[in-house]
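> how would this look folded up:
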Amino acid sequence: MEVFPYRVELDRFSGPMDLLLYLVRRNEVDLRHLPIARITSQFQEYIEVLQELDLGLVGDFVVMASTLIEIKSRMVLPEENEVEASADEPPISAGDPRSELIQQLLEYRRFKEAAVALETRADEWQERYPRLAGDRPTTAKDPTADRIKEVELWDLVSALSRILRRADVAPEGHIRYDETPISVYVEQIGNRVHAEGEVRFTSLFDSTTLRSKITGMFLAVLELLRHHSFRAQQDEDFGEIVIRPPLPVSDRL
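Take a look at the predicted model:
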């Protein structure tokens, strides 16, 4: 049986701007007072994880990281009429190197919030008004159009980063490499979640120290969330992520 290469395309539902907004929320800072040094350092940490996943979109993140580094370097240069402020969160001024990026982020956030609002209203409209037979789609739903909530995604990437930094996870060598198809991990993890009812994300990786296997299992989790209606939930911000099976069909209607 021919095995086709498997790839998870994150660019269908996320990108550098999404990651920046996530980091702003995670740091609980005002977007207009972007702490560029702190955000740049954290952004680079996420790039390291994305490179482990070998995703084609990493180039876009590298470009954004270069922009952040340039802004950071420009901010250490003294400017005339500079207002006294903390090094981490200086105020925005007309010549502030962050101003263009912040404006882009504000605009991006407005469009994103508008898109979410429209999607919510569309869901409410469909619940109020039943679809007529003539309104049914002529083609089946494309599962590749499914999206993972970006907070779920970046929290999962953050958790993966912590796993890869464990002392017992050794750098990959050319001799030891896991070539197990992602579909195998999808079946194994899916069966475990169904059997146990819920599984802590970190516990999935307790028995392996092989980086390529950890990466493959992580991509399998994304597959379960994106295409198989599994759920990733946190009881508190930045806490343990729990993977749960799909809701019954009756609860999803």
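
> just checking, Ala37 touches Ser73?
No. Counting by Cβ atoms under 8 Å, Ser73 is not a contact partner of Ala37; they are 10.4 Å apart. The way it works is simple: take the backbone N, C-alpha and C, and place the C-beta from them, glycine included.

> ok, the two, which is more surrounded?
Of the pair Ala37 and Ser73, Ala37 is the one with more neighbours under other Cβ atoms under 10 Å, namely 16 against 12.

> same question for the strand or helix carrying the more buried one, mean pLDDT?
Assessed by DSSP states H and E, Ala37 sits inside helix 36-53. For helix 36-53, the mean per-residue pLDDT is 88.

> list the contacts for Arg74?
Pro97 (Cβ atoms under 8 Å, 6 or more residues apart in numbering).

> may I have the secondary structure class of it?
helix (DSSP: H, G, I helix; E, B strand; the rest coil).

> pLDDT value on it, please?
You'll see Arg74 listed with a pLDDT of 85.

> what of the one 5 residues further on?
Glu79 is assigned a predicted lDDT (pLDDT) of 55.

> go on, Leu68?
Listed pLDDT for Leu68 reads 89.

> got a list of what it touches?
Contact partners of Leu68, counting by Cβ under 8 Å, 6+ apart, are 36, 39-40, 43, 101.

> so which of those wins on neighbours?
Neighbour counts for the contacts of Leu68, by other Cβ under 10 Å, peak at Ile36, which reaches 24 neighbours.

> hmm, Ile69 and that one touching each other?
No. Distance between Ile36 and Ile69: 9.3 Å, which falls outside the contact criterion (Cβ under 8 Å).

> how about low-confidence regions in this structure?
The model of the chain has pLDDT under 70 over residues 1-14, 54-57, 78-94, 123, 126-151, 167, 170-177, 238, 249-253.

> make sure Thr209 is indeed in a strand.
No. Per three-state DSSP, Thr209 lies outside any strand segment and is coil.

> my guess is it meets Asp178, correct?
No. Contact criterion Cβ under 8 Å: Thr209 and Asp178 do not qualify, at 11.1 Å.

> could you pick out the longest helix of this protein?
In the chain, assigned by DSSP state H, the helix with the most residues is helix 99-128.

> which elements pack onto the helix or strand following that helix?
Downstream of helix 99-128, the first helix or strand assigned by DSSP H and E is helix 150-164. Helix 150-164 sits against helix 16-26, helix 36-53, helix 211-227, strand 231-234, strand 241-244, with contacts defined as 3 or more Cβ pairs under 8 Å, 6 or more residues apart in numbering; DSSP states H and E.

> so what touches the longest one?
Under the criterion Cβ under 8 Å, 6+ apart, residues 8, 10, 19-20, 23-24, 26-27, 57-58, 61-62, 64-65, 68-69, 71-72, 75, 87-88, 97-98, 154, 157-158, 160-161, 164, 211, 215, 218-219 lie in contact with helix 36-53.

> and it with helix 150-164, angle?
80 degrees (axes from the mean of the first three to the mean of the last three Cα atoms, to 10 degrees).

> for helix 36-53, buried residues please.
Buried residues in helix 36-53, defined by neighbour count with 16 or more other Cβ atoms under 10 Å: 36-37, 39-40, 42-43, 46-47, 49-50, 52-53.

> make CSV from these and add distance to Glu240 to it.
What follows is the buried residues of helix 36-53, written out as CSV (distance: Cβ to Cβ, whole Å):
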residue, distance to Glu240
Ile36, 30
Ala37, 29
Ile39, 25
Thr40, 28
Gln42, 20
Phe43, 24
Tyr46, 19
Ile47, 24
Val49, 18
Leu50, 22
Glu52, 21
Leu53, 22
